[in-house]
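Participant: Sharing a model that was predicted from the sequence below.
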Amino acid sequence: LDWWHADRYCEQRFAQLLFEPQDSEQASFSKLLQSHHIRGSVWLNERDGVLHKPKWRRDHIVPVLVFRDKTDTKYVKVLSDFPALPAVTACAHLQWDTRTQEIATIFSYAVPTFFNEFQLRGFVDEEGFVRFALIVHGHHSPYLPVFRADGQWHHFCVTWQQENGTWSIYADGKRRASASGLCAVGLSAPQAIYSQGTFIIGQDQDSLGGTFTEKESFSGNITDLHIWQKVLGAEQIEKVRSCWVVEQDLVFGWSSNALEVESTVQEVTAQFLCPGPVEECRVFEVGSSGFSYASCLQSLPFICRYRKDAYWQLKKAQLESSHSLISRVNMLAERTVIPENVFISDAQDMNLSVALGALDVLATVLRKRETPVLESSDLLAVLQLLKQVSDVEVQEGEELEMLEPLGQYYVEVTELILGEQNIETWSSISQVIKGPMAVVELCNRMVSHLAPLLTAGRTKVTIQHRNVGLRRVMVKNMWFGYGSLQRCLSGAGSSAVFQDVAASDGGQKYLSTTVGTAVISSTLLSDYQEISTSVRYRLQHRVQVPWGGAWMVISMFFLCFLVHVSPDAGGMWSTAGCSVVTSLPDSTACFCNHTTNFAVLLQVYEMQQRTTKEELTLQTLTFIGCGVSFCALIVTFILFLAVGVPKSERTTVHKNLIFALAAAEALLMFSELAKTNQVVCFTITAFLHLFFMAAFSWMLVEGLLLWSKVVAVNMSEDRRMKFYYVTGWGLPVVIVGVTLATSFNKYVADNHCWLNVQTNVIWAFVGPVLFILAVNTFVLFRVVMVTVSSARRRSKMLTPNSSLENQIGIQIWATAKPILVLLPVLGLTWVCGVLVHLSIIWAYVFIVLNSLQ
C-alpha cells in the first residue's frame with residue numbers, strides 16, 4: 001500500500017508501522033526479513049511525527065476544456081471583470097499535447113493600451129521537457145523547463161508582484177523557477193497589471209480579444225484555472241494543487257458559467273483525480289540495511305508492529321472469544337463485516353455505502369443482545385470497525401444523504417459500548433487501548449465527514465443518541481455521558497484523590513479523580529484544517545452530593561481539565577492552560593488556552609482572538625520588560641536611600657512613584673500564576689488596580705510638581721506635600737474601595753487576573769488614567785513652551801550674531817529634550833494603550849514603551 005494507507009491499516013488493527021531499527025539491530029533485522037522472502041524497500045514510521053493527518057486524494061468533478069489541434073479559431077474567454085493586479089497568481093491543471101514542438105499560449109490577458117499585458121507561453125524542448133515563459137507588460141522571462149512532456153496531467157502556478165518585479169513558476173507543487181526584475185525598467189518601479197482587460201485561454205491576442213494565429217495557439221486539455229489578486233505561498237499552492245480553493249483575494253474561480261466557449265472547443269465534465277501530497281516517506285532497504293526515502297504515494301510492503309503486552313492481550317481475547325457477536329453481525333449482513341481474526345483481514349477501504357450498511361447491522365445486533373456486557377474480543381471488533389468507518393474517504397459525487405444516518409449509527413454504536421456495564425471489559429483490554437477516551441478521538445475523526453452536509457440553508461448538524469452526541473458547524477462539538485468515561489478514567493474508588501505529578505506541558509496531571517460532568521470535545525476548523533483557539537464552556541455537575549454521607553464535594557473544588565488524547569493511548573487529565581471562571585453548586589464555567597499580557601491593562605474593548613504565537617510574544621516581551629524595569633526601579637530606590645540624596649519635594653515624589661510602579665510590575669509578572677485560584681486572583685487584581693492607580697496618581701503629582709516650578713503657586717512646601725500624599729495614595733484607595741463596594745461580583749475578568757472589560761469595571765482604571773494623561777499632556781505643553789522661550793532668550797543673549805540655522809537647531813533641541821525626558825515620567829507613553837484593540841502592532845508598541853517605563 002502507499003504510506004498513508006499502510007499507516008491506517010496498522011492503526012486499524014491496534015498496531016503501528018514499523019519503527020526504524022537501532023544501528024546494532026539493522027543487519028540481523030534485514031536477515032530476518034529476507035528469511036520471510038521480503039526484498040526491496042519497506043515503509044517506516046516517522047518517529048518525529050513529521051507526517052501529519054493523511055492528505056487524501058480527491059475525486060473532483062470539473063469542466064475540462066479540450067483543445068484538440070492548433071488553430072486560429074479555438075478560444076475560451078473568461079467572463080470576469082479584472083481589477084488592477086499589483087500581485088497575481090494563476091494556477092491550473094494542464095495536459096500538454098506532445099505532438100508539436102511549436103510555441104503555445106496557455107493564456108493571454110490584454111488591455112486596450114497593451115496586448116501582451118500578462119501571458120503564459122510554453123513549448124516542448126528537444127529533451128522532452130515543457131518550458132514555460134511568463135510575460136508581463138510585454139517583458140519576457142526566459143523559457144525554463146517545468147515538467148516532462150509525458151501526456152500526463154500536471155499542475156502549474158505562476159506568480160508575479162509589482163514590488164521588484166518578482167516572479168515564480170511552480171509545477172506539481174514544487175518551485176521550478178523564480179527571479180526578480182521582470183518588467184523593472186531602469187530605475188522606475190514596475191506598474192501593476194492594468195484592470196478591465198480581456199482574458200483568453202488558448203490563444204495569443206494580437207488585438208484586444210482577437211486576431212489569433214495558429215502557430216501560437218494551445219493544443220491539449222486544461223481545467224481548474226483560478227486567479228488571485230495576491231502571491232500565494234508554497235503551502236497554499238499545495239492546497240490548490242490538491243483541489244482545495246483558497247477563497248481569499250480570489251479574482252476568478254473555475255466555473256463553466258463564467259466562460260464563453262468557442263463552438264469548436266470541446267467542453268467535457270470529467271471526474272478528475274487530484275494530485276496527492278508531495279511528501280517523501282522513510283523506507284528501510286532490506287539487504288543493504290540502509291535507509292532512504294520514497295514518494296509516500298508509492299505502493300510498498302509494510303510491517304505492522306505490536307507492543308508485546310498488547311499483542312498477548314489481543315491473542316488472549318481471540319482465544320477466549322465465543323465470536324457470538326461477530327457471527328451474528330456477519331450472518332445478518334450476509335457477508336464478512338467484521339473478520340473473526342483481528343490480525344488477518346483484507347486491506348480494502350470502505351466506501352460510504354458499505355460503512356452505512358455495516359454500522360446499521362452492528363447497531364441492530366448490539367441493541368438486541370440478550371446480555372448487554374460485551375466480551376473483550378467483541379469490544380475490539382467493534383472498535384476496529386469504528387476505526388475503519390472513521391477513515392472512510394468521502395469522494396465528490398457520492399450520495400451525501402448517507403452521511404447523516406451514518407453519523408447517527410456511529411453515535412449509537414459509540415453510546416452502546418460506553419455503557420457502565422462494559423467497564424470490566426474496557427479494563428481487560430487496557431494494554432491494547434488505554435481507555436474509552438480513544439472513542440473520543442474516533443468520533444473527532446468521524447465528525448469531519450459531516451462537513452458536506454453544511455450549506456447556506458443548513459448551518460448546523462446535530463446528532464444525538466442518549467448520552468453521546470455530535471454537532472458540526474465551523475466548530476466541532478462532542479459530548480459524552482459520564483458512565484464508562486467516569487469510571488475508567490478515575491480508577492478505583494469514588495472519592496477525588498489528587499496527586500501532583502510534573503507534566504511535560506507544565507501543568508499538573510491527576511492520576512485519579514472523579515469526573516464531575518459530561519466530557520466534551522471541541523475543535524475549530526477552517527478550510528477543513530484544525531486551527532488553535534481558546535474555548536470557554538459551562539458544564540452541569542453530574543456528581544451526587546450526599547449531605548449526610550461520609551464525603552461531600554463542594555463546588556469550589558471543581559477544577560477544569562484538558563484531556564490529552566492519542567490514538568489507542570486513552571487519555572490523561574491535565575490542568576495545563578485551563579482555569580475556573582465561575583463555580584456554582586450546579587455548574588462550573590472554564591476557560592482554556594488563553595494567556596495574559598501587559599497590553600490588556602488598558603484594553604477598553606474586547607480583543608479579537610490573537611494567535612498562540614502572538615500571545616507568546618506579548619507575554620515574553622511583558623515579562624522581559626517588567627523584569628528589567630523592576631530591577632532598575634529597585635536599584636534606583638536603593639540609591640535614593642543609600643547615597644544620601646538631599647531631601648526635597650522632587651526626590652520624595654520620585655521615591656513614591658518608584659515604589660508604586662515596582663509593586664505593580666512585580667504583581668503583574670506573577671499574575672498569570674494566580675489564574676487557577678479565584679480568591680488569589682481576586683486579591684491580585686485588587687492590588688494591581690491599587691498600585692497601578694497609585695503609580696498614575698504619583699505621575700499626576702510629578703506633573704503638578706513641574707507646574708509649580710513653571711507657574712508660581714501660592715502654597716507652602718508642607719501643605720503641597722500633604723496634598724501630594726493625599727493625591728498619590730488617598731485617591732487610589734478611594735477609587736479601588738468604591739469600585740469593590742459597587743462591583744464586587746463583576747470585578748475580575750473571566751480569563752485573567754485584571755479588571756472586567758465586559759462589565760465596564762475597567763473604566764474605574766481607564767477613566768482616572770485618561771484624566772491624568774490629559775492633565776500631564778497640558779503640563780508638558782506648558783513646560784515645552786517655557787523651555788523654548790527660555791532657550792530663545794538665552795541664545796540671543798549669549799550668541800546674538802548666530803545664524804538662523806543655529807537658532808532653529810537650539811529651539812528644536814529645546815523642544816525635543818523635555819519631551820523625551822518627560823514622556824515616561826508623566827506616563828504619557830500609556831496613551832497608546834487605548835489603541836491596542838486596533839492592531840497587534842499597537843500591542844507590541846504599548847508593551848515595549850510601558851514595560852520599560
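Facilitator: Structure received.

Participant: Would you mark the buried spots in stretch 452-463?
Facilitator: Neighbour counts using 16 or more other CB atoms under 10 Å place 461, 463 of stretch 452-463 among the buried residues. C-beta here means a position set from N, CA and C on the backbone, and glycine is covered the same way.

Participant: Now it: average pLDDT?
Facilitator: Averaging pLDDT along stretch 452-463 yields 77.

Participant: just the CA coordinates of that stretch, formatted as CSV?
Facilitator: What follows is stretch 452-463, C-alpha atoms only, in CSV (Å, rounded to 0.1, in the frame of the first residue of the first chain):
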residue,chain,number,x,y,z
PRO,A,452,-20.5,18.4,3.1
LEU,A,453,-23.9,18.5,4.8
LEU,A,454,-23.5,22.1,5.7
THR,A,455,-24.9,24.6,3.2
ALA,A,456,-26.1,28.2,3.1
GLY,A,457,-29.5,26.9,4.0
ARG,A,458,-28.3,24.4,6.7
THR,A,459,-25.7,25.8,9.0
LYS,A,460,-25.8,23.3,11.8
VAL,A,461,-25.9,19.5,12.1
THR,A,462,-26.8,17.8,15.4
ILE,A,463,-26.8,14.1,16.0
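
Participant: Can you tell me how far residue 783 is from residue 708?
Facilitator: Distance check for residue 783 against residue 708: by CB to CB, to the nearest Å, it reads 12 Å.

Participant: Among these two, which residue is more densely surrounded?
Facilitator: With neighbours defined as other CB atoms under 10 Å, residue 783 and residue 708 compare such that residue 783 has more, 21 against 14.

Participant: any idea of the pLDDT on that one?
Facilitator: Value for residue 783, per-residue pLDDT: 79.

Participant: for residue 76, same thing?
Facilitator: pLDDT, residue 76: 92.

Participant: That one contacts residue 256, doesn't it?
Facilitator: No - counting by CB atoms under 8 Å, residue 76 sits too far from residue 256 to count as a contact (10.0 Å).

Participant: And those two? Which one has more around it.
Facilitator: A direct count of neighbours by other CB under 10 Å for residue 76 and residue 256 places residue 76 higher, at 23 against 13.

Participant: Walking through the stretch 651-800 of the chain, point out its helices one by one.
Facilitator: Assigned by DSSP state H, counting those that start in this stretch, the stretch 651-800 of the chain shows helices spanning 678-710, 717-725, 731-742, 763-798.

Participant: most tightly surrounded among these?
Facilitator: A comparison of these by mean neighbour count, using mean count of other CB atoms under 10 Å, puts helix 678-710 on top with a mean of 21.

Participant: tell me which strands and helices it is in contact with?
Facilitator: Secondary-structure packing of helix 678-710 (3 or more CB pairs under 8 Å, 6 or more residues apart in numbering; DSSP states H and E): helix 649-670, helix 717-725, helix 731-742, helix 763-798, helix 804-825.

Participant: could you give the mean pLDDT of that helix?
Facilitator: Mean pLDDT, helix 678-710: 88.

Participant: Doesn't residue 132 lie inside a strand?
Facilitator: Yes - counting by DSSP: H, G, I helix; E, B strand; the rest coil, residue 132 is located in a strand.

Participant: Kind regards, and thank you for your time.
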